[in-house]
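Trainee: no sequence on this one, just coordinates:
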Ligand SMILES: Nc1nc2c(c(=O)[nH]1)N[C@H]1C(S)=C(S)[C@@H](COP(=O)(O)OP(=O)(O)OC[C@H]3O[C@@H](n4cnc5c(N)ncnc54)[C@H](O)[C@@H]3O)O[C@H]1N2
Ligand code: MOO
């Protein structure tokens with residue numbers, strides 16, 4: 001059995017980042033930037049007022065009260081064109097450019113207006129409420145870097161930097177193939193000894209959530225000819241993910257067919273759930289073969305497919321981050337497989353996270369995966385643990401998992 005980390009590195013080494021495409025900003029949410037984005041403008045382009053009030057020379061109002069002549073008005077988008085001289089003020093509004101000759105803003109609340117005169121009652125510090133040109137960013141500044149997964153905030157910044165289009169990584173097209181004579185699609189008639197397929201749709205949802213385009217190929221039968229026919233559907237995709245048929249049984253044909261038609265590494269991984277895993281190629285398409293047990297398939301998606309997609313998307317590809325939590329119940333010593341236990345996540349009296357694994361952890365129990373809020377990670381040969389011990393967890397933070 002090989003360690004989880006070795007398996008991940010071998011998968012990542014077999015994948016290359018995809019090409020890029022241009023999308024309009026309103027279609028860029030959740031996409032991955034293919035290149036750095038530099039500001040095409042300076043923001044603000046000139047010094048502007050941060051408040052409604054009066055633009056003045058600070059020296060004129062160093063001692064208050066001070067009376068000034070109001071020589072004009074500057075709303076946002078229509079700056080005052082004249083030159084402000086000593087003894088003068090310009091009525092100004094938030095966002096309007098500072099008139100030439102002015103150096104400070106007095107807020108409206110600190111003044112009293114009468115006709116074309118204004119009395120300043122509080123002396124402003126030099127530069128009061130003036131936003132300098134380029135306070136936010138200057139033309140040429142790099143605001144967003146390649147590999148960024150674009151959020152609403154990033155899109156706002158890209159818009160402010162005057163980019164109507166962004167160059168992003170193409171969405172990985174991920175073919176998904178379920179296998180097994182015993183499974184049928186949800187809603188189809190269920191024959192004797194058949195069960196409903198959960199894995200393919202769950203994996204497709206995972207792929208979509210992680211920024212890819214799933215191509216669901218259907219269910220391959222447990223015979224070589226049928227399996228080969230279905231595999232042909234993966235041609236032209238960026239990665240084929242299979243589920244089931246990974247183990248050593250007489251009907252577990254994936255490794256055989258991949259061995260015949262492509263290149264295959266079949267591994268037993270020192271992890272639970274998810275021991276049997278495959279990686280290889282069929283034609284030019286890389287293949288990730290996940291185990292059939294539903295929880296094994298989803299845990300392997302989180303641990304291997306997720307980072308694989310990050311690699312295709314040109315992002316930093318690494319195992320999901322772990323963080324510490326207190327253990328909510330005693331645990332027996334672990335064996336030689338790294339254990340990923342489905343657990344709830346609560347808070348103790350001090351607000352610290354407490355992870356409590358379910359008593360049953362069979363890899364067929366999808367219901368417990370949906371009830372869990374994290375995976376508790378136990379290294380191989382971990383000693384017995386007591387309630388309250390510090391353990392490592394992978395919290396389910398991605399909204400789509
Ligand atoms: N003698 C051994 N037997 C098994 C071993 C082993 O090392 N030696 N490993 C076990 C482990 S661990 C796992 S995990 C499974 C993996 O088996 P396969 O990848 O070959 O998966 P299948 O046999 O096709 O199916 C396993 C299980 O999952 C159900 N299944 C399959 N596909 C779906 C689907 N799309 N949706 C829902 N459920 C699915 C299938 O009906 C089986 O119950 O092997 C162990 N055996
Ligand atoms: O290790 Mo297999 O993945 O359940 O039960």
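Mentor: Everything's here; your move. Keep in mind the model is a prediction, meaning the values are calculated, not measured. Ligands and ions are numbered 1, 2, ... in the order given.
Trainee: Could you measure from the residue lying farthest from the centre of the chain over to ligand 2?
Mentor: Note on the chain: the largest C-alpha distance from the chain mean falls to residue 115, namely 56.8 Å (Cα atoms, centre = their mean). Distance check for residue 115 against ligand 2: by Cβ to the nearest ligand atom, to the nearest Å, it reads 84 Å. For glycine as for every other residue, the C-beta is placed from the backbone atoms N, C-alpha and C.
Trainee: In contact with that residue, which residues are there?
Mentor: Residue 115 sits next to no residue when contact means Cβ atoms under 8 Å, 6 or more residues apart in numbering.
Trainee: Let's see that with 10 Å instead.
Mentor: Residues near residue 115 by Cβ atoms under 10 Å, 6 or more residues apart in numbering: 69, 70.
Trainee: and if you look at residue 119?
Mentor: 61, 64, 65, 66, 67, 68, 110, 111, 112, 113.
Trainee: try 6 Å
Mentor: Residues near residue 119 by Cβ atoms under 6 Å, 6 or more residues apart in numbering: 65, 67, 112.
Trainee: Three-state assignment for residue 109, please.
Mentor: The local conformation at residue 109, judged by DSSP: H, G, I helix; E, B strand; the rest coil, is helix.
Trainee: quick one on the thing from earlier: want to throw the contacts of residue 119 into JSON lines with secondary structure?
Mentor: Listed next are these as JSON lines, based on three-state DSSP:
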{"residue": "65", "secondary structure": "coil"}
{"residue": "67", "secondary structure": "strand"}
{"residue": "112", "secondary structure": "strand"}
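Trainee: which residues does residue 183 contact?
Mentor: 195, 197, 219.
Trainee: partner residues bridging it?
Mentor: Taking DSSP bridges as the rule, residue 183 bridges to residue 195.
Trainee: about what we covered before: and of the contacts of residue 183, the nearest to ligand 2?
Mentor: residue 195 (15.8 Å; Cβ to the nearest ligand atom).
Trainee: can you list contacts of the host helix or strand of residue 308?
Mentor: Counting by DSSP states H and E, the element that carries residue 308 is helix 306-312. Residues from elsewhere that reach helix 306-312 (Cβ under 6 Å, 6+ apart): 11, 12, 15, 18, 172, 210, 212, 238, 317.
Trainee: Out of those residues, grab the one that's most surrounded.
Mentor: residue 210 (26 neighbours; other Cβ atoms under 10 Å).
Trainee: Check the gap between it and residue 401 for me.
Mentor: 9 Å (Cβ to Cβ, to the nearest Å).
Trainee: One more: residue 47?
Mentor: Distance from residue 47 to residue 401, by Cβ to Cβ: 47 Å.
Trainee: next one: residue 195
Mentor: Taking Cβ to Cβ, one finds residue 195 at 23 Å from residue 401.
Trainee: next one: residue 321
Mentor: Residue 321 is 13 Å from residue 401, by Cβ to Cβ.
Trainee: ditto for residue 61
Mentor: 59 Å.
Trainee: for the spatially most central residue of the chain, what are its contacts?
Mentor: The centroid of the chain falls nearest to residue 149 when counting by Cα atoms, centre = their mean (5.4 Å). Residue 149 sits next to residue 32 when contact means Cβ under 6 Å, 6+ apart.
Trainee: Pull up the per-residue confidence for it.
Mentor: The model reports residue 149 with a pLDDT of 97.
Trainee: And ligand 1, is the helix or strand residue 259 falls within touching that?
Mentor: According to DSSP H and E, residue 259 maps onto helix 254-261. No. Helix 254-261 stays clear of ligand 1 (Cβ under 6 Å from any ligand atom), getting no nearer than 7.6 Å.
Trainee: What helices and strands are in contact with that helix?
Mentor: On a contact count with 3 or more Cβ pairs under 6 Å, 6 or more residues apart in numbering; DSSP states H and E, helix 254-261 meets strand 276-282.
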